[in-house]
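>>> All I have is the shape, not the residue letters:
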């Protein structure tokens, strides 16, 4: 095996072991909680779009896709009094460089959508809140009633008594959440609780679903099958090196 082939095998090994780290996973969150966590919720239509470089919250340069958004109803929060605003989502193509992020929201021109947004950033642009979980499409059923579809609406989150969430039900939910804001209780200094042996840890600590945000999270540690790929690729690379050394040590025949 030639040296160039060894380098190719090593590069393939690196790609195979690194690719699983880019997967984006979402934890299931009840839809009312998703609505409560969103700073802004707006209905409107998508206009033109383009991609460009910009900095994220940590100062790193990334490619974003910018969309013209024409709001028709501010369901939660308030927006500037102007015909359209600009929203953005991570990913896109610029200067021959493509950047694709699994789990980001994708928009098409003239889509009628409800979007969950973060507050306006320093550039006057609104980022999508929750990636793909922050986009809901609007359709009409046979009774001409508007209903919602999207990744945030799992089968467990359908509106009680129906088989779907309607826009009317979402408005009602927002009114209920606004009229019943969460109450805060003063923190009291107290000694740490004594954990009895018969108590379950799940009764003393919140579950993952209760504490995790709906933002897409990138896995920080390789999975078991990733480690298996590393071992296999390493064995192949070692075998190739041994074969090359054996061939190079064989005496040349006259």
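Here it is on my side, so go on. These numbers come from a predicted model, not from an experiment. Numbering: from 1, shown residues only.

>>> I figured residue 54 hits residue 62, correct?
Yes - contact criterion CB atoms under 8 Å: residue 54 and residue 62 qualify, at 6.8 Å. Where C-beta positions appear, they are placed from N, C-alpha and C, glycine not excepted.

>>> Please report how far residue 123 lies from residue 33.
29 Å (CB to CB, to the nearest Å).

>>> Of residue 54 and residue 62, which one has the most company?
Remark: of residue 54 and residue 62, residue 54 carries more neighbours, 17 against 14, as counted by other CB atoms under 10 Å.

>>> Show me which parts of the helix or strand harbouring that one are buried, residue by residue.
Applying DSSP states H and E as the criterion places residue 54 in strand 40-55. Judged by neighbour count using 16 or more other CB atoms under 10 Å, the buried positions of strand 40-55 are 40-47, 49, 51, 54.

>>> Adjacent strands (with direction) for that strand?
For strand 40-55, the paired strands and their directions (DSSP bridges) read strand 61-76 (antiparallel), strand 112-117 (antiparallel).

>>> what's the average pLDDT for the last one?
Right, strand 112-117. Averaging the model's pLDDT scores along strand 112-117 yields 98.

>>> before we move on, what about the first one?
Per-residue pLDDT values over strand 61-76 give a mean of 96.

>>> Looking at the buried residues of strand 40-55, which one is closest to residue 71?
When the buried residues of strand 40-55 are compared for distance to residue 71 (CB to CB), residue 44 wins out at 3.9 Å.

>>> which residues does the closest one contact?
Residue 44 sits next to 69-73, 112-113, 115 when contact means CB atoms under 8 Å, 6 or more residues apart in numbering.

>>> if we go to 7 Å?
For residue 44, the contacting residues are 69-72, by CB atoms under 7 Å, 6 or more residues apart in numbering.

>>> From those, list the buried ones, please.
Applying 16+ other CB under 10 Å to the contacts of residue 44 flags 69, 71 as buried.

>>> Considering the contacts of residue 44, which is situated nearest to residue 145?
Using CB to CB, residue 72 comes nearest to residue 145 of the contacts of residue 44, at 17.1 Å.
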